[in-house]
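# okay, here's the prediction I keep looking at, along with the sequence it came from:
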Amino acid sequence: MPAHLLDIVDLGADGVTEIVDRAMADPASIGRPLEGRGVALVFEKPSNRTRHSMEMAVVQLGGHPVYTRGEEVGIDVREPAEDIARVLAGYHAIIAARVFDHGLLGRMAAVSDVPVVNMLSDHSHPLQTLADMTTMRRCLGSPEGLRVAWVGDYNNVSRSLAEALVLCGGSFAIATPEGFGPSADELTRLNALGPGDVSAGHDPMVAVANARAVHTDTWISMGQEAEKEQRRRLFEGYTVDAAMMSRAADDAVFMHCLPAYRGYEVAAEVIDGGASRVVMQAHDRMHAARGALSILAGGL
Ligand code: CP
Ligand code: NVA
């Protein structure tokens, strides 16, 4: 059975560390484990960073990326997810997909002869987290004991980040409006994953106190467009602004997976200011993808 990358927990702490190490290594030391092989990239949702970073990572590893849009493939519309996975596994070394329903990825992985990679689902975004862990390592050093804050929606991006930080011994403080945070069961699950810890509340000033990295994400994820006005009202007061950043540690960095909506989840003065690392974070998507794909392809 191949290893799949559907969630950060599939990797464990050693896997996350290994991928971050490879992301920061000279690409020449990783070689071309995908030489003469394909990687299928199927997108049911739009993308800028994930498509470009994955395509270029595949090329750097010697492989050939094949991009297809969800409408074209028609997962469970034109044909079942299982048939798609069985067929693509005969052409490609790896199948990667961005889907609305996380369950589709599990169904594909269950029948695929090659690794299946999650390029974002409603549940999680592990490739983003691997980039975030790389950027934080570059800027702040080891994740062990690292204080990280999350302000805004507890969503796919924050779930994967929480998993990685607990696995690697970090401390993650989440502040969301009522009804948008992790459930009690989810908090228990996260805290049981490893040596780190996760706390959740509703006061962003408490979450960011002494944090060395402050993360946020859009208040309206792909698929939630109909809730836009309601969410914008409910998330008022959760904009990461200069006053909030001044509560964080002196050397704190601001991080956002992008795309960002200035004036909503983050003030322009923060995302365009000196503490922002969002462009490095976006570039680390490619380095982390290369690290992850090299392991799945059996490189080194
Ligand atoms: N951060 C991220 O996944 O960006 P894209 O949606 O542009 O791929
Ligand atoms: N939470 C966002 C992340 C976008 C990269 C979404 O799912 O749309």
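Looks like it came in fine. Numbers count the residues shown, from 1 in each chain. Ligands and ions are numbered 1, 2, ... in the order given.
# need the longest helix for the protein.
helix 278-296 (DSSP state H).
# next, the buried residues of it.
Of the residues in helix 278-296, 278, 281-282, 284-296 count as buried by neighbour count, 16 or more other CB atoms under 10 Å. From N, CA and C alone the C-beta is placed, and that goes for glycine too.
# check contacts around A3.
Contact analysis of A3 by CB atoms under 8 Å, 6 or more residues apart in numbering lists 10, 115, 296.
# tell me which stretches of the stretch 51-200 of the chain form helices.
70-73, 81-91, 102-111, 126-140, 156-167, 184-191 (DSSP state H, counting those that start in this stretch).
# between the ones you listed, which one is nearest to ligand 1?
Closest approach to ligand 1 among the helices of the stretch 51-200 of the chain (CB to the nearest ligand atom): helix 126-140, 5.4 Å.
# and the closest one, is it in reach of ligand 1?
Yes: Helix 126-140 reaches ligand 1 (CB under 6 Å from any ligand atom) through Q128.
# dump that helix to PDB, restricted to CA.
The C-alpha trace of helix 126-140 is given here as PDB (Å, rounded to 0.1, in the frame of the first residue of the first chain):
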ATOM      1  CA  PRO A 126      -1.600  19.900   4.700                       C
ATOM      2  CA  LEU A 127       0.600  21.200   1.900                       C
ATOM      3  CA  GLN A 128      -0.100  24.700   3.200                       C
ATOM      4  CA  THR A 129       0.900  23.700   6.700                       C
ATOM      5  CA  LEU A 130       4.200  22.200   5.400                       C
ATOM      6  CA  ALA A 131       5.000  25.500   3.800                       C
ATOM      7  CA  ASP A 132       4.000  27.400   7.000                       C
ATOM      8  CA  MET A 133       6.200  25.100   9.100                       C
ATOM      9  CA  THR A 134       9.100  25.800   6.700                       C
ATOM     10  CA  THR A 135       8.600  29.600   6.800                       C
ATOM     11  CA  MET A 136       8.400  29.500  10.600                       C
ATOM     12  CA  ARG A 137      11.600  27.400  10.900                       C
ATOM     13  CA  ARG A 138      13.400  29.900   8.600                       C
ATOM     14  CA  CYS A 139      12.200  32.900  10.600                       C
ATOM     15  CA  LEU A 140      11.800  31.700  14.100                       C
END
